[in-house]
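Participant: Attaching a predicted model along with its sequence, questions to come.
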Amino acid sequence: MNKFSHRIGLSKWSRKNSPLFGGILETHVKQLKMNKFVSQLFPGWSAHHNYGFSPLGKIWIVWHPSLLVSIISESCQMITAEITWPSVQTKIYISTVYASNDAEDRLTLWSEITSMASSYGLDNKPWLVIGDFNQIRVPSEHSLPPTLNMDKRMRDFNDCLMEANLEDLNFRGPTFTWWNKRKLAPVAKKLDRGLVNEDWLIVFPSSVLFFGNPNFSDHAVMAITLEPERTRIKKPFRFYNFMLQNPDFLAVVCENWFSFNVVGSAMYRVSSKLKLLKKVLRDFSFQNYSGIEKKTAIAHGKLLQA
């Protein structure tokens, strides 16, 4: 982050994506300069760091003033925050990770993740673990795997995720998130990922992780959209015969049929009124027949009570 071009790249990405919470890894910025850079990149935002464990600020987390954030744990390789998110009723938890290049040090991180799951009960709360793990899960996450067999490092990582009940969040973009930037002997790996538990998917069932192309960094930028906009698919109208058995059906059809004021030939009037009836019949079906499972459960409860 000491490079002006890197800060410009991050600033452009932030303006385009409008995030509310984020993690910046491997900043190489001394603590005295942190507040200056944060205020330039994210005016009015709050920030936290792990300079107590690393003199060059391995992890920064930043957040918009609309969020209420409380730090519950921090170490050399991870910062975990409890967050009150505006659109949800429950608190969510985000752990920002920058794993060590040393395999032995990463064992400490794996233990820390499993400990957070049990000690803080995060395996039963909406929990996202995101960042650079410096470790692949399977050989296919390496562009030139030395072997197709899983080694001990992969097994240790996967054992950690299994014990913590974490799994990869659905993602879009390139599979490989890091490359060595060499033209003659390029190597790419999937070192960055977002991991979530079942409770996270219950709160944010449509959340998606997007990987961008490595631009100002040798790592892909990651962005999680919690509630992505979906293209609404127009459903064809279907008439269900069971509506004929409803005693109110003919009355509703007659009332609306004669209330439609359509001018034109007889065939045009019939065609137009049938089209106008579609919404009426959809509403009629929804009011009388939606939530069958719930209504059945309520009726069953009344039966048991009786």
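Facilitator: Alright, I've got the coordinates. Numbering: from 1, shown residues only.
Participant: for the most centrally placed residue in the chain, what are its contacts?
Facilitator: Centroid-nearest residue in the chain: Ser207, 3.3 Å away (criterion: CA atoms, centre = their mean). Going by CB atoms under 8 Å, 6 or more residues apart in numbering, Ser207 touches 169-170, 196, 200-201, 224-228. Where C-beta positions appear, they are placed from N, C-alpha and C, glycine not excepted.
Participant: separation between it and Lys183?
Facilitator: Noted for Ser207: a distance of 36 Å to Lys183, by CB to CB, to the nearest Å.
Participant: For stretch 27-40, buried residues please.
Facilitator: Residues of stretch 27-40 classed as buried by neighbour count (16 or more other CB atoms under 10 Å): 27, 29, 34, 37-38.
Participant: That should have said stretch 131-147, apologies.
Facilitator: 131-137, 141-142.
Participant: Give me the residues contacting it.
Facilitator: 23, 25-26, 59, 78, 95-101, 106, 148-150, 153-154, 157-158, 161, 175-176, 178-179, 186-193, 219.
Participant: Give me the buried subset of those residues.
Facilitator: Among the contacts of stretch 131-147, those buried by neighbour count (16+ other CB under 10 Å) are 23, 25-26, 59, 78, 95-100, 106, 154, 157, 161, 176, 178-179, 188-193, 219.
Participant: quick one on the thing from earlier: let's see if you can find the most crowded of the contacts of Ser207.
Facilitator: Using other CB atoms under 10 Å as the neighbour criterion, Trp200 leads the contacts of Ser207 with 25 neighbours.
Participant: Reduced to three states, what does that one come out as?
Facilitator: Using DSSP: H, G, I helix; E, B strand; the rest coil, the structure places Trp200 in helix.
Participant: is it true that it touches Val129?
Facilitator: No. Using CB atoms under 8 Å, Trp200 is not in contact with Val129; the gap is 9.7 Å.
Participant: who does the spatially closest residue to Val97 that is not a sequence neighbour bridge with?
Facilitator: The shortest distance from Val97 to any non-neighbouring residue, by CB to CB, 6 or more residues apart in numbering, is to Gly131 (3.3 Å). Beta-bridge partners recorded for Gly131 (DSSP bridges): Val97, Arg193.
Participant: Helices of the protein, start to end?
Facilitator: Here the chain has its helices, by DSSP state H, at 4-17, 31-41, 103-119, 152-163, 198-203, 249-257, 266-289, 292-305.
Participant: follow-up on the earlier one: can you tell me which of the contacts of Ser207 lies nearest to Val280?
Facilitator: Sorting these by distance to Val280 puts Glu227 at the head of the list, at 31.2 Å, by CB to CB.
Participant: which non-adjacent residue is nearest that closest one?
Facilitator: Ser206 (5.8 Å).
Participant: so how far is Pro19 from the one you found?
Facilitator: Using CB to CB, Ser206 is found at 17 Å from Pro19.
Participant: Just want to know which of the two has more residues nearby.
Facilitator: Higher neighbour count among Ser206 and Pro19: Pro19, with 16 against 12, using other CB under 10 Å.
Participant: Please, where are all the strands along the stretch 101-250 of the chain?
Facilitator: 127-132, 167-168, 171-172, 178-179, 188-189, 192-196, 208-211, 222-225 (DSSP state E, counting those that start in this stretch).
Participant: got the angle between the first one and strand 192-196?
Facilitator: Translated: strand 127-132. Here the directions of strand 127-132 and strand 192-196 differ by 170 degrees (axes from the mean of the first three to the mean of the last three CA atoms, to 10 degrees).
Participant: Just the CA coordinates for strand 127-132, please, in PDB.
Facilitator: The C-alpha trace of strand 127-132 is given here as PDB (Å, rounded to 0.1, in the frame of the first residue of the first chain):
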ATOM      1  CA  TRP A 127     -19.600 -17.000  10.100                       C
ATOM      2  CA  LEU A 128     -17.500 -16.100   7.100                       C
ATOM      3  CA  VAL A 129     -13.700 -16.800   7.000                       C
ATOM      4  CA  ILE A 130     -12.100 -14.900   4.000                       C
ATOM      5  CA  GLY A 131      -8.600 -14.100   2.900                       C
ATOM      6  CA  ASP A 132      -5.300 -15.500   1.700                       C
END
